[in-house]
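Asks: I need the structure of the sequence given here:
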Amino acid sequence: MTKSLPKKTSKKPVSKTKKSVTDVALNTQLQVAYHFPCPIYLIERPDFLEAVSEVSEEYLEVRRKDVGLNEIYPVYMTDSFFGDPRMAEFTQFVGATAWNILNEQGYNMQGNAVQFMEMWTQEHYKHSAMDAHVHGYGSQIVGFYFLETPEGGSNVVFHDPRAAKVQIDLPEQDVNMATPASKMINFTPKPGMMIFANSWLMHSFTRHAAELPIKFVHFNLAVIPDPNFAPTPAAEVI
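Replies: Alright, predicted model coming up:
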């Protein structure tokens, strides 16, 4: 008489060790240590709008006379004007804020100063956009100051700079929520809003859908030795 073989089951056995580890994980409070942050700083300074808009419009008018709008990227970009004496109060605030940001991030800024590399106004018309990019050549801080932001216009977007995460990323549960899984973060600008970020943080602007143009000042700052820095004399060794 032939004995029948036991039926095969597709259920995978769970080892006692694995089950024990799972139980411990579920009943243990997980401690999270967040490191390597990508801070983005937002400040509202509408008090600068009048002066900065006046200077920007003057430089934009020069550009409009020199060149026509590009069909693919319909935008006007002015020459740099951080040296314009009418911008002194604005540039002093931007420079001091950039120095404070780097100092509070933990960088040794004693004996160093920040210096403007560029400051120019951009005027983007309908369908214009800005591709994702970073600023090199020694730039440490980048920023924007928004002058005119029509409804339905561009948003500024900051992209995850971690190449290893991008390479092996998973789908997000909800792309409308800002979480550690987010691939990018976007901000809706308004007049008088100022944004600062480290220059290694890739940024872009979404396509501009409004009929009226969006106008903003873009600036880059580098770190240089402070020519006015006087180090504390060392104690004399007797």
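Asks: check the gap between Gly192 and Asp131 for me.
Replies: Gly192 sits 26 Å away from Asp131, going by CB to CB, to the nearest Å. Quick note: C-beta positions are derived from backbone N, CA and C, even for glycine.
Asks: neighbour count winner among these two?
Replies: More crowded of Gly192 and Asp131, by other CB atoms under 10 Å: Gly192, with 17 against 9.
Asks: that one touches Pro46, doesn't it?
Replies: Yes. With contact defined as CB atoms under 8 Å, Gly192 reaches Pro46; the gap is 3.2 Å.
Asks: the helices in this structure, which residues?
Replies: 16-26, 49-66, 88-104, 163-167 (DSSP state H).
Asks: would you mind giving those as a markdown table with mean neighbour count and mean pLDDT added?
Replies: Output for those, formatted as a markdown table (neighbours: other CB atoms under 10 Å; pLDDT from 0 to 100):
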| stretch | mean neighbour count | mean pLDDT |
| --- | --- | --- |
| helix 16-26 | 9 | 63 |
| helix 49-66 | 15 | 97 |
| helix 88-104 | 17 | 97 |
| helix 163-167 | 9 | 86 |
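Asks: quick one, which of those is nearest to Pro213?
Replies: In terms of CB to CB, the element of those nearest to Pro213 is helix 49-66, at 9.7 Å.
Asks: quick one: that closest one to chain centroid distance?
Replies: Centroid separation for helix 49-66 versus its chain: 25 Å, with CA atoms, centre = their mean, to the nearest Å.
Asks: where does the prediction get shaky in this structure?
Replies: Applying pLDDT under 70 to the chain flags the ranges 1-26, 232-238.
Asks: 80 - rerun?
Replies: 1-29, 230-238 (pLDDT under 80).
Asks: what about the strands in it?
Replies: 40-44, 75-77, 112-124, 130-133, 139-148, 156-159, 184-187, 193-198, 203-205, 214-225 (DSSP state E).
Asks: would JSON lines of these with distance to Ser53 be doable?
Replies: Shown next, in JSON lines, are the strands of the chain (distance: least, CB to CB, whole Å):
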{"stretch": "strand 40-44", "distance to Ser53": "16"}
{"stretch": "strand 75-77", "distance to Ser53": "15"}
{"stretch": "strand 112-124", "distance to Ser53": "9"}
{"stretch": "strand 130-133", "distance to Ser53": "20"}
{"stretch": "strand 139-148", "distance to Ser53": "5"}
{"stretch": "strand 156-159", "distance to Ser53": "19"}
{"stretch": "strand 184-187", "distance to Ser53": "20"}
{"stretch": "strand 193-198", "distance to Ser53": "14"}
{"stretch": "strand 203-205", "distance to Ser53": "19"}
{"stretch": "strand 214-225", "distance to Ser53": "8"}
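Asks: now stretch 82-97 - C-alpha only, PDB.
Replies: This file holds the C-alpha atoms of stretch 82-97, laid out as PDB (Å, rounded to 0.1, in the frame of the first residue of the first chain):
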ATOM      1  CA  PHE A  82      25.000  95.100  -6.300                       C
ATOM      2  CA  GLY A  83      27.400  98.100  -6.600                       C
ATOM      3  CA  ASP A  84      24.700 100.600  -7.200                       C
ATOM      4  CA  PRO A  85      24.800 103.000  -4.200                       C
ATOM      5  CA  ARG A  86      20.900 103.100  -4.200                       C
ATOM      6  CA  MET A  87      21.100  99.400  -3.200                       C
ATOM      7  CA  ALA A  88      23.400  99.900  -0.200                       C
ATOM      8  CA  GLU A  89      20.800  99.300   2.500                       C
ATOM      9  CA  PHE A  90      19.400  96.200   0.800                       C
ATOM     10  CA  THR A  91      22.900  94.700   0.000                       C
ATOM     11  CA  GLN A  92      24.000  95.300   3.600                       C
ATOM     12  CA  PHE A  93      21.000  93.400   4.900                       C
ATOM     13  CA  VAL A  94      21.500  90.500   2.500                       C
ATOM     14  CA  GLY A  95      25.200  90.300   3.200                       C
ATOM     15  CA  ALA A  96      24.700  90.400   7.000                       C
ATOM     16  CA  THR A  97      22.000  87.700   6.800                       C
END
